[in-house]
Every structure is written in structure tokens, then in C-alpha cells.
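K.L.:
Sequence and predicted structure, then a few things I'm wondering about:
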Amino acid sequence: MEARVLKPVLGVYCAAFILFLYGPMIILAILSFQGPGGGPQFPIIEWSTYWYQHLLGMTPPGRISRLPIGDSLLRSLTLALMTTVVSTVLGVITAQGFRARFKASGVVFYLVILGMIVPGVLVGLGMALLTNMLGIDRSWWGTAFVLHVVYTFPFAFLVMLAIFNRFDRSVEEASLSLGVSPVQTFRRVTFPMIFPGVLSAMLFSFTLSYDEFSRTLFTSGRQLTLPLTIYGTFSVEIYPNIFAFGVLTTLFSFTLLLIYALLMLRAVRSAQSFKGQEEAE
Amino acid sequence: MMEIAGEQMRSAAPAMGEDNGVSPAERRERQERRTALMLISPGVLWMTLFMVLPMIMVVYVSFWTQTTFTVEPELTTDSWVRFLTSSTYLASTWTTVRIWGIVLLSTLLIGYPVALFIGLMVRNQTLQTALLVICVIPFWTSFLIRVIAWRPMLGTEGAINMILMKLGIIDTPLTSLLFSEFAVLIGMTQIYCVFMVGPITFMLSRIEPSIIEAARDLGAGFGRIFFKVILPLSLPGVIVGAIFVSVMVLGEFATAASLSGRKVNLLGNIIVSQVGSLKWAFASVAGVILTAIIAVVITALLRVVNLRKEM
């Protein structure tokens, strides 16, 4: 009887929690359509897309300076792509190495996992100190990039480890011993099996790097990445143009997520149709 | 990609030879181990050079001599003495620990019922996944934007004040919502709650319904079932969630920088401001202390349950 009361109560609570999660973003999205003279709060004096135009540099220069996002966006995208490629490759080969048993595997496992645990501000500080001592210039494509990989590589590694754990090696060996060429075996057997993992590792790496700033703060040198530009506005007065930016960058993240979901769906479908064929035979 | 393909083929090749009795199992194992070491070495090298070395550097520089604008590699404990005798730095250490404790508790108290609903009450697989995805999606959006989104919520002319005034609960807007410790706490709770909900939901969804039914058939009330069956079985999820939340909250500085109006100074904020004024040695001391706190917290949490056994 208690459970009968509890379930709807928890259901309502869960709905309230989801509102708590999304409420601020919804308010932010509404306020991004504030009119030209309005502030970063209610009431909305006039509905307009003024701040979006302001963000994209389509309004005449005025009192409020434009967010310098153009160059930093390009840097962040490049950095995220570089990080995605390197950490996915590192993740795949390291997880592949873990398929065989070796003595130091425990230590190596924790060494890699530490990368996602250590606070960004600490490794950032350490990297800044190291480059100071060695006299190396800091840059987003150098010092910041290697730290981004330190952060995203463990995610890619864990995802691939999970995939390889469920991976039946005998399928690969069967394919080879049945005379299928190695290239064909990789294309038809190995790749479809690890594809969902590679895709997830790439999504993790890209999103985490694109959004990363605590590791970048001390290590990017003079040229700022996108999150650093946003972080710069923390100490000054904010205007609705940053809300407009928030909406656009959220839409960008959702687009990535959607592409990922569609690719995953396709992979699952083709795996199912393959299974169907097997059963039909 | 081709490299990986090559690796797998190379490791598969001796397996075929083994059937003919050409290569003994031992040689194959040795070969495999060599391949494995080769495969893990780039990752190990990367982590050693770009994570372990910088961390050692932080400890090392904390003993350097700080002058006005530079640090000299002459070893001294001056920075340590200054940190440990300064009420400002000690206060920020205490603030960090206090905020961590409150956020950990609030994410657990707010997140657990949500996990209970999604993991245990919703038995429809599709709905369960959908709810979990809804909770996780904000994780994929920009962290800084989620922090900033609290400003128009909590401000004097913000959404919460507006709603409370419309409802007639208050007459004058509350001014202490934004730029206060409360703002930092609510911001962090909202942002990190997902990391608590996820692992707990995962553990709860693995509980066999028949166990709870058995307890109920034997006459246990919900309270008794919760404390004797559900809570112990979900404990590994709570610990994993607590580790996630702890590590992230302890290393935080952005939420405090944006929402506290400089009223809350965490160790992370100390590090950022010290680096800003080129006080590298002090920043390093704060870094070492932060590392020590995190290490103690994680060790203590891992003591509670043996994760390796439970997972």
C-alpha cells in the first residue's frame, strides 16, 4: 500500500528535479530574445533577435562590446578535433594492449584513470610550472592540447575497454581461418564490433575538450579558446549576448549528440539485420 | 585504424600456427605480452610526461623561494609556513572542505529519490532509459553556460524573486540569493547531481524485484525494506557517485568565481589568483594541500565499500 502512494510522489519529485535541471537553461534561452535596451533579466522589454545579431557582428558598434568568439571558436574546434583523434587512437591501442595479461596492468590502469580524476587546475598549474622551468612557450595547440588528451584519453580508454571485454576473439580468428583476407576481416568483422565504442570515445573526447577550460586556463598562452573567452566575462557585467551564445553552443552540442545517436542507431540496425540473416540460415 | 587491424592480425596469426603444433603456447604468450607492452607504452608515456611530471613539479616548486615576480629554485619552507599561518588561506581550506561536504550531502539527498524512481519504480525499460538520458543530456552542454544560467535565476530581479513576489510569498526581492554562498551551493548541486543519480540508478536497476517482494511477503514495511535491502545494495553506486562529485567539487573554482561575487574563495580560486599575480610557490602549496585533501577523501570513500568486489 505504501508503495502505491510512494510511486506517484516520487514521480512528481522526479518531474520537479528535471525542472530544476533544465529551468535555468530555459530562462536563459527566453532571455536571449531580450530587446536591444533590455538587461540580462526580466522583464523582456521587447522580443527580438538583437543579441544574436550583436553576437554575429551584424549590429552597428555600440556601448556593449562584442564577444570575441570568432577566432576562439575556430581554435576550440581545431583543438577538440586534434584531441579527439589522438585520444581515440591512444584509447583504442591501450585498450587493445589490455586484452593480453601483463604484470603491471593494475598500475597502468590507475595511471590512465588518474587523468580524469586529477583536477584540471592542478595539472594546469604543474604544466605551467614545467614550461616555465624549461623555457617553453605555452600555446593552445601545444601545452593545452597535451593536457586535453590527458583528460579525454581515460574516457576513450574506458569505453574501448568495455567494448573489448565483450569482444569475442574467436569470431575474428574464425574469419581468418576460413580464408577471409585480413583487410576484409577487419572491415567486415572487427570494425563493426568496435565501431560503437570508437564513436562513443570520439563523442566523449570532442565534447569534453570543446568545453574544457580549467586545464586550458594556465596553459593556452595569449590566444584564448572559446571557454576561456566565456570565463573572461565572469568577472565583468554580463549582457544578453552571452545568453544568445549559450543557446547557440547548446544547439551545437545537441546537433553533435543527434549525429551520434543516428550513427549508433545505424550500427545497431545493421548488427540486428546481420543477426537476422544468421537466424534465417 | 589500419595499425590496429595490423595488431589484431599479428596476434591472431600465431593462434593459427598453434593448431599445427608449430609454435608452443609459451612463445605465443610471450609474443602477446610484448605486443601488449608496445601497445600501452604510448599512453603510459603520455600520462607520465604530461600528468605525473607536472604533478611532481607542483610539489617541487612549493618548496622554491618566492620573490616578488619570480620563483628561484632554492629550497625553503617559507611558502608553507606562510600558508599554514595565514588565516586567509586556512579559511579558504576550511571553506573548500565545508562546501564539498554540503554539496556532497545535497547531491545525495536530492539525487537519491530520483534514482529510486528511475531505477526501481519505473520498470518499463524504454521509459527508464529515456528518463536517464533526460538527466544526462545537460552534461553534454557547456559547463560555463550552465553556471551563468543561474545569474538570471537568482538575481535581485531574477526569475525566482519574480515568481515569489507574484505568488505573494515575499514583498521585497531577496538580495542574498545571488553573489552568496547559497548561490554557489545551489549551482554546484544542480550541475553535479547527475553524477550521483547515474551510478545509483545503475545499481538500483540491477536489484531483483523478487528480493523486494520476498521482503514484503515476509511482512517488512517500506522503511525496513529500504534500510535493510535497497540502501545496502545501492551503496556501491552511492560511493561511485560520491567520488565523482567530490573530485569535481574539490577542484572547482569557476562556479565560485561566477556566482559568489568573490565571497567564496575555494582552494581552486586561491590557485587561480596566485598564478595571476605570479606567486607560483604559494599556488603550488595550495595545489599540494588540495591534492592531499582529494587523496584523503577518495581513500576514505573507498574504505566504505570494496568497489572491485561489488562491481
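P.N.:
Thanks, I have the structure now.
K.L.:
Can you report how many residues lie near the closest residue to chain A within the stretch 201-311 of chain B?
P.N.:
Closest contact between the stretch 201-311 of chain B and chain A, by Cβ to the nearest Cβ, is at B:Gly251 (2.5 Å). To be clear about C-beta, it is placed using only N, CA and C from the backbone, and glycine gets the same treatment. Neighbour count for B:Gly251, taken as other Cβ atoms under 10 Å in any protein chain shown: 23.
K.L.:
What are the phi and psi values at it?
P.N.:
phi -90, psi 10 (degrees, to the nearest 10).
K.L.:
Can you pull the phi and psi angles for A:Leu178?
P.N.:
According to degrees, to the nearest 10, A:Leu178 has phi -80, psi 0.
K.L.:
ok, A:Ile230 to chain B distance?
P.N.:
For A:Ile230, the distance to chain B equals 5 Å [Cβ to the nearest Cβ, to the nearest Å].
K.L.:
and the helix or strand where that residue lies, what does it pack onto?
P.N.:
According to DSSP states H and E, A:Ile230 maps onto helix A:226-232. When contacts are defined as 3 or more Cβ pairs under 8 Å, 6 or more residues apart in numbering or on different chains; DSSP states H and E, helix A:226-232 sits against helix A:69-97, helix A:240-280, helix B:143-148.
K.L.:
Tell me where chain B has strands.
P.N.:
B:65-66, B:71-72 (DSSP state E).
K.L.:
Output those in JSON lines; the columns should cover mean neighbour count, mean pLDDT and distance to chain A.
P.N.:
Converted to JSON lines, the strands of chain B look like this (neighbours: other Cβ atoms under 10 Å in any protein chain shown; pLDDT from 0 to 100; distance: least, Cβ to the nearest Cβ, whole Å):
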{"stretch": "strand B:65-66", "mean neighbour count": "18", "mean pLDDT": "88", "distance to chain A": "13"}
{"stretch": "strand B:71-72", "mean neighbour count": "16", "mean pLDDT": "84", "distance to chain A": "8"}
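K.L.:
what's the neighbour count on the residue of the stretch 51-200 of chain B found nearest chain A?
P.N.:
Proximity of the stretch 51-200 of chain B to chain A (Cβ to the nearest Cβ) peaks at B:Pro54, 2.6 Å away. Residues lying near B:Pro54 (other Cβ under 10 Å) number 25.
K.L.:
follow-up on the earlier one: the residue of the stretch 201-311 of chain B closest to chain A touches A:Val121, doesn't it?
P.N.:
Yes. Between B:Gly251 and A:Val121 a contact is recorded at 5.8 Å, counting by Cβ atoms under 8 Å.
K.L.:
Are there residues contacting both of those two? Which ones?
P.N.:
Shared contacts of B:Gly251 and A:Val121 (Cβ atoms under 8 Å, 6 or more residues apart in numbering or on different chains): A:Ser214, B:Gly268.
K.L.:
Give the residue spans of the chain that score low on pLDDT.
P.N.:
Because you didn't say which chain, this covers chain A. Of all residues in chain A, those with pLDDT under 70 make up the ranges A:1-3, A:274-281.
K.L.:
The chain in question should be chain B.
P.N.:
Those would be B:1-23, B:307-311, if you go by pLDDT under 70 across chain B.
K.L.:
rewinding a little: most tightly surrounded among the helices and strands packed on helix A:226-232?
P.N.:
Of all these, helix B:143-148 carries the top mean neighbour count, a mean of 24, counting by mean count of other Cβ atoms under 10 Å in any protein chain shown.
K.L.:
mind saving the C-alpha coords of that helix as PDB?
P.N.:
Extracted in PDB, the C-alpha atoms of helix B:143-148 (Å, rounded to 0.1, in the frame of the first residue of the first chain):
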ATOM      1  CA  PHE B 143      29.600  23.900 -18.100                       C
ATOM      2  CA  LEU B 144      30.200  27.600 -18.000                       C
ATOM      3  CA  ILE B 145      26.900  28.400 -19.700                       C
ATOM      4  CA  ARG B 146      25.100  26.300 -17.100                       C
ATOM      5  CA  VAL B 147      26.900  28.300 -14.300                       C
ATOM      6  CA  ILE B 148      26.000  31.600 -15.900                       C
END
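K.L.:
Tell me which other helices or strands it touches.
P.N.:
Using 3+ Cβ pairs under 8 Å, 6+ apart, helix B:143-148 sits against helix A:2-31, helix A:226-232, helix A:240-280, helix B:181-205, helix B:254-259.
K.L.:
mind running it again at 10 Å?
P.N.:
In terms of contacts (3 or more Cβ pairs under 10 Å, 6 or more residues apart in numbering or on different chains; DSSP states H and E), helix B:143-148 is packed against helix A:2-31, helix A:191-211, helix A:226-232, helix A:240-280, helix B:181-205, helix B:254-259.
K.L.:
Make TSV out of those and add distance to A:Ala162.
P.N.:
TSV is the format used below for the helices and strands packed on helix B:143-148 (distance: least, Cβ to Cβ, whole Å):
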stretch	distance to A:Ala162
helix A:2-31	26
helix A:191-211	7
helix A:226-232	28
helix A:240-280	15
helix B:181-205	13
helix B:254-259	30
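K.L.:
Looking at these, which is nearest to B:Arg216?
P.N.:
For the helices and strands packed on helix B:143-148, the distance to B:Arg216 is smallest for helix A:2-31, at 8.2 Å, taking Cβ to Cβ.
K.L.:
in that closest one, what's buried?
P.N.:
Using 16 or more other Cβ atoms under 10 Å in any protein chain shown as the test for burial, helix A:2-31 gives A:6, A:10, A:14, A:17, A:21-25, A:27-31.
K.L.:
Any idea how far it is from the middle of the chain?
P.N.:
Offset of helix A:2-31 from its chain centre (Cα atoms, centre = their mean, to the nearest Å): 26 Å.
K.L.:
for stretch A:190-202, same thing?
P.N.:
Its chain's C-alpha centre lies 16 Å from the corresponding centre of stretch A:190-202 when counted by Cα atoms, centre = their mean.
K.L.:
How about it and chain B, touching?
P.N.:
Yes. For stretch A:190-202 and chain B, the contact criterion (Cβ under 10 Å from any Cβ of the partner chain) is met by A:Thr190, A:Phe191, A:Ile194, A:Val198.
K.L.:
Relative to B:Ile169, which of the residues you listed is nearest.
P.N.:
Taking these together and measuring to B:Ile169 by Cβ to Cβ, the closest member is A:Val198, at 52.6 Å.
K.L.:
Contact partners for that closest one?
P.N.:
A:Thr88, A:Val89, A:Gly91, A:Val92, A:Ala156, A:Val159, A:Met160, A:Ile163, A:Phe191, B:Met1, B:Ile4 (Cβ atoms under 10 Å, 6 or more residues apart in numbering or on different chains).
K.L.:
I'd guessed B:Pro173 sits against B:Gly155; true?
P.N.:
Yes. Contact criterion Cβ atoms under 10 Å: B:Pro173 and B:Gly155 qualify, at 8.7 Å.
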